[in-house]
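Student: any chance you could fold what I've pasted below:
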Amino acid sequence: MHLTVKGTLFSAIFGLLLSGTASANVPKVVTDIPITHSLVTRVMAGIGMPDLIVDRGASPHEYSLRPSNAASLEVADLVFWISNGLTPWLDDALNTLARNAKVIELMDAKGATVLSFREGATFETHSHQHKQDEDGHDEHKHDEDEHATGNVDPHGWLDPYNGRIWLDVIATALSKIDPTNSDIYFANATQAKADIDTVISELEATLAEFRGTNFIVYHDAYQYFEKRFDVLAAGSISLGDVSDPSPARIAEVRKKVEELGIICVFSEPQFNSELVRTVTDGVSVKTRVIDSLGTQFTLGPDFYLNVLRGIAQSMASCL
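Tutor: Below you'll find the predicted structure:
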């Protein structure tokens, strides 16, 4: 009996030691925004959890790095971020704090769809069914010269086909520094891509009747979603970097609302709703909240899918 108890105790202690060793070897991963955090969380399921810099409700365009964020970057093995175009303030921090980390910019992923910012306050409003190649991917792939201009729209996660590509990028990067768990990373990525495919089908069905219907968005962040699902913003109140619009821009958008008989103007939870009222005051038009960052959803593996669903549901309720 004494030997049995002693052996059991040894096994328990040995198991704890092994568990601690495995935990210590889990890659230390940092992500920029909840979207990236969600994708990485899916790929790391069963292995570990990434850290997050910009939490829900905060604008990624303007953010002050906290001491806890800096501490995470200093010990990171991997950092995944969308791009300098979305979080320009993060660039210096990555260079100075994350010197020992492999930094992956997702908008640089091979095969990803990359679009330039649209010019002006109002946009073309003819239907443009999104063209895809035989694999279902966008014909407008990553262009190094275009990226170098600094005019790239960084909201690429709103095309779910980019999300699919990024999952493979994430799994590959994790596997290189943690080859022991490579099979798990790629299996998780495969399942996550299947889940994205399911959501794509859902959204196509939800939005099918609204193709060609015009609307106004608060800031020019949605063209990846628009082109993928053939729903058409006629203009945006603010620029893609959410800088303050001029009175002339607001007047141009209001004129577009009246000329086209726009039926819906979308505001966003983290931005100034007074500007939306300036555009809609005295005009018969509905307003809804649309959210590219998912401030209402719980962080976690399903966050990205919920953001896509939330945008489609907001559109369907207003158009």
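Student: bridging residues for the residue nearest to residue 32 when sequence neighbours are not counted?
Tutor: Once flanking residues are discounted, residue 32 sits nearest to residue 81: 3.9 Å by C-beta to C-beta, 6 or more residues apart in numbering. For glycine as for every other residue, the C-beta is placed from the backbone atoms N, C-alpha and C. Following DSSP bridges, residue 81 is listed with bridge partners residue 105.
Student: how near is residue 81 to residue 249?
Tutor: Per C-beta to C-beta, to the nearest Å, residue 81 is found 29 Å from residue 249.
Student: ok, those two, which is more surrounded?
Tutor: Using other C-beta atoms under 10 Å, the more surrounded residue of residue 81 and residue 249 is residue 81, with 25 against 19.
Student: how about the more buried one, what does it touch?
Tutor: Each residue near residue 81 by C-beta atoms under 8 Å, 6 or more residues apart in numbering is listed here: 31, 32, 33, 36, 87, 90, 94, 103, 104, 105, 106.
Student: most neighbours among those residues, which one?
Tutor: Counting neighbours by other C-beta under 10 Å, residue 36 leads the contacts of residue 81 with 28 neighbours.
Student: so which strand or helix has it?
Tutor: Using DSSP states H and E, residue 36 maps to helix 34-43.
Student: if we can go back for a sec, need the contacts of residue 81 in TSV with distance to residue 175 and pLDDT, can you?
Tutor: Putting these into TSV (distance: C-beta to C-beta, whole Å; pLDDT from 0 to 100) gives the following:
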residue	distance to residue 175	pLDDT
31	17	99
32	21	98
33	23	98
36	18	99
87	26	95
90	25	97
94	22	97
103	17	98
104	13	98
105	18	98
106	16	99
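Student: now the residues you listed as CSV including distance to residue 284?
Tutor: Shown next, in CSV, are those (distance: C-beta to C-beta, whole Å):
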residue, distance to residue 284
31, 43
32, 40
33, 36
36, 40
87, 38
90, 42
94, 48
103, 49
104, 47
105, 44
106, 41
